[in-house]
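K.L.:
can you look at this prediction? I've put the sequence above it.
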Amino acid sequence: MESLTQTTVAGYLLLRLKELGLTHLFGIAGNYSAPFLNTIDEDQSQDKIKIIGDTNEINAGHCADAYARLKGFAAVAVTYGVGAFTLLNATAGSYVEHCPVLVINGSPTNADQMKSIGEGLLASHMTGDMYSNINVYRHVTVAAELVMSSIDAPYKIDAVLTACLIYGRPVYLEVFEDVWRMPCEAPKHSLVIKGYKSCVQNAVEAAKKTVELIKEFGAPIFWAGEEIQRKGLQDDFLKLVKETKIEFTTSIMGKSIVSESNPYFRGVFNGNASPKDVQERFKKAGVKIGLGAWTTGKNLGGFNIWGEHTVLANHSSVRIGAQFEPNVALGDFMIELNRQLKGIEYEPHHMYEKKVTNTTFVVEPSKAERELPLTFDSFFGRMNKYITEDHLVVSDAGFALLGAQGLHIKEPNGFVAQASWLSIGYSVPAAVGVKCAVPEKQVVVFVGDGAFQETCQAISNQARLGHNTIVFVLDNTIYGIEQMLTNPNPFRGSKKIHYEVENMNEVYPYNKMHQWKYAKLADVFGGKGFEVSTMPELEAVIKQLDTKNTNFIVHVHLPEVGIPEAIAYKNDRPGEDEILNKGWSLCG
């Protein structure tokens with residue numbers, strides 16, 4: 001800590017952010033937050049925080065979310081009302097997916113607030129309710145404070161930052177514009193962050209019950225999830241795997257929490273959306289032990305993992321079959337499970353023959369297939385060969401995520417996706433946050449055309465910052481995942497059902513995209529653009545993507561009703577509209 005006795009409220013917050021290792025602040029400038037931004041700008045120290053102005057608040061929030069996943073803490077600054085409410089969606093995503101982000105909101109002055117109360121006079125962006133912004137954010141943060149004076153500013157700042165790091169989720173700090181420059185005491189001590197304290201005896205009991213299940217059902221396998229990364233438990237998990245020799249899969253949200261070149265890694269288990277061999281072999285395990293994996297719809301792909309021989313351990317509890325042990329930290333459980341397994345004889349589940357070491361679950365196209373039009377699977381098959389340790393993959397939601405889940409990611413933390421909240425458009429701005437967090441990596445983005453149209457302005461930030469990000473826009477001309485969920489009939493090919501209601505036979509008009517010349521946007525925002533529709537064209541473009549200081553947009557044409565193999569199981573089930581229109585019974 002700097003040896004200051006006095007500072008300002010803005011200066012106090014700046015010192016705390018630097019203490020937490022923040023290097024980049026994302027956001028949109030506004031007059032209510034300007035005094036804080038100016039304080040950063042006036043800083044002459046070597047560890048000066050770089051302000052990254054974004055094209056809109058949603059993009060800024062996605063940048064901060066991705067940065068937090070890789071650095072352990074992020075901050076985003078906006079202005080009152082219009083800025084804060086626009087940012088809300090991104091913050092909700094960080095809340096759901098446990099990303100520690102500080103939301104900084106500058107709000108009208110004390111005088112403006114009093115005039116609103118006494119005279120009904122609304123300053124810019126005010127609703128008339130002084131607590132409107134903070135009350136909204138209370139639902140998507142673990143702590144929220146409103147700073148109306150400098151007297152209690154240090155305590156409130158420290159409180160939200162401490163909560164952010166303890167719980168690993170977003171917090172909210174709102175400061176009146178005239179308070180930023182008010183004097184206050186400088187920090188006297190460093191922040192003291194104490195980790196979650198669990199009941200060790202409960203961890204012992206949970207491990208004991210898990211061992212009993214293994215004795216009864218045998219052949220255990222691990223299903224590793226996102227909390228292992230969020231809680232910094234990668235080394236503990238690797239030790240557990242190495243010493244127990246138990247094979248593991250990851251959830252889609254936990255993809256690349258450790259290197260997928262690990263000899264015990266057996267692919268991404270995403271329920272019914274898993275590659276068929278992974279799904280079938282995972283199901284045959286005697287005991288399935290979830291470690292930090294969340295039971296979300298995207299993590300399970302319509303598969304019901306609950307059962308008498310399933311163990312699900314998360315950050316504060318463990319469920320063993322029908323039994324439940326509360327107040328158990330995930331790290332404590334893994335340590336105790338490792339210790340107890342050393343005392344028994346068991347045979348780990350072998351998903352594959354020992355001679356099989358290939359854990360790549362997308363296939364490189366054959367020579368003959370390279371002459372055919374691109375499909376989701378042939379595209380990702382080629383990308384699997386292209387991606388190296390020098391890349392970091394960011395995937396958007398929908399078909400892009402389903403296609404990318406099988407990529408072989410060799411580096412830990414080499415894959416970023418918002419796989420639970422699933423806000424389409426996340427990937428392109430998130431790539432900016434990723435590049436700021438790990439500048440040595442080249443970021444590769446896979447995004448559908450619908451998602452790209454949501455947040456494509458982030459390309460301009462990539463160009464302005466001199467990034468060498470590659471954005472593959474997967475253009476099938478429709479909102480494919482939305483059509484699949486409501487009515488998969490257009491994707492069934494020769495098995496398509498003929499409905500008397502004509503719109504049930506084709507892609508809904510509202511799911512069709514307006515066609516953009518995506519590659520041309522590089523001329524607008526900066527960078528280089530390419531357009532491909534065949535494998536040879538893709539091959540030619542790949543050879544041009546090694547520039548170190550240029551960002552790229554690659555427009556990839558794909559068939560309108562083509563789908564990744566991972567979601568083909570949906571064709572055998574009724575969509576939501578098919579059920580509602582009684583075209584297919586629930587048991588069909």
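P.N.:
Thanks, I have it.

K.L.:
remind me which residues of the stretch 451-588 of the chain are low pLDDT?
P.N.:
582-588 (pLDDT under 70).

K.L.:
list the contacts for Ala419?
P.N.:
Neighbouring residues of Ala419 by Cβ atoms under 8 Å, 6 or more residues apart in numbering: 97, 252-253, 296, 298-299, 397, 401. From N, CA and C alone the C-beta is placed, and that goes for glycine too.

K.L.:
let's go with 6 Å and repeat that
P.N.:
Counting by Cβ atoms under 6 Å, 6 or more residues apart in numbering, Ala419 touches 252-253, 298.

K.L.:
which among these end up buried?
P.N.:
Neighbour-count burial (16 or more other Cβ atoms under 10 Å) applied to the contacts of Ala419 gives 252-253, 298.

K.L.:
can I get these in TSV with distance to Thr86?
P.N.:
Formatted as TSV, the buried ones among the contacts of Ala419 follow (distance: Cβ to Cβ, whole Å):
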residue	distance to Thr86
Ile252	28
Met253	26
Lys298	25
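
K.L.:
sort out for me which of these are in helices.
P.N.:
Those of the buried ones among the contacts of Ala419 mapping onto helices are Lys298, per DSSP state H.

K.L.:
so which of the buried ones among the contacts of Ala419 comes closest to Gly406?
P.N.:
Comparing these against Gly406 with Cβ to Cβ places Ile252 closest, at 10.2 Å.

K.L.:
and the closest one, how far is that from Thr550?
P.N.:
To Thr550, Ile252 is 31 Å away according to Cβ to Cβ, to the nearest Å.

K.L.:
about what we covered before: of the contacts of Ala419, closest to Ala74?
P.N.:
Ranked by distance to Ala74 (Cβ to Cβ), the contacts of Ala419 are led by Met253 at 18.4 Å.

K.L.:
I'd say that closest one and Ala224 touch.
P.N.:
No: counting by Cβ atoms under 6 Å, Ala224 is not a contact partner of Met253; they are 10.4 Å apart.

K.L.:
so where's the stretch 101-250 of the chain uncertain?
P.N.:
Checking the stretch 101-250 of the chain against pLDDT under 70 turns up 196.

K.L.:
now do the helices in it.
P.N.:
110-119, 132-137, 153-167, 200-217, 226-230, 234-244 (DSSP state H, counting those that start in this stretch).

K.L.:
what's the most buried one of those?
P.N.:
Burial of these is given as mean neighbour count (mean count of other Cβ atoms under 10 Å); helix 226-230 ranks first at a mean of 24.

K.L.:
next, count neighbours for Thr55.
P.N.:
19 (other Cβ atoms under 10 Å).

K.L.:
list the contacts for it?
P.N.:
Counted by Cβ under 6 Å, 6+ apart, Thr55 has contacts Gln457.

K.L.:
which strand or helix spans it?
P.N.:
Under DSSP states H and E, no helix or strand contains Thr55.

K.L.:
quick revisit: which one of the helices of the stretch 101-250 of the chain lies closest to Glu539?
P.N.:
Of all those, it is helix 226-230 that lies closest to Glu539, at 34.0 Å by Cβ to Cβ.

K.L.:
contacts for the closest one, please.
P.N.:
98, 168, 237, 253-254, 257, 292, 315, 330.

K.L.:
likewise for stretch 483-501?
P.N.:
Outside stretch 483-501, the residues that touch it by Cβ under 6 Å, 6+ apart are 505-507, 511, 561, 563, 570-571, 575-578, 583.

K.L.:
now it: buried residues?
P.N.:
Those would be 483-484, 486-491, 499, for stretch 483-501 by 16+ other Cβ under 10 Å.

K.L.:
show me the contacts for the residue nearest the centre of the chain.
P.N.:
By Cα atoms, centre = their mean, the chain has its centre lying nearest to Gln418, at 2.9 Å. Residues near Gln418 by Cβ under 6 Å, 6+ apart: 93, 426.

K.L.:
check Gly321 too.
P.N.:
Gly321 makes contacts with Glu308, as judged by Cβ under 6 Å, 6+ apart.

K.L.:
Trp306 sits in which helix or strand?
P.N.:
With DSSP H and E as the test, Trp306 turns up in no helix or strand.

K.L.:
per-residue pLDDT, it?
P.N.:
At Trp306, the model reports a pLDDT of 81.
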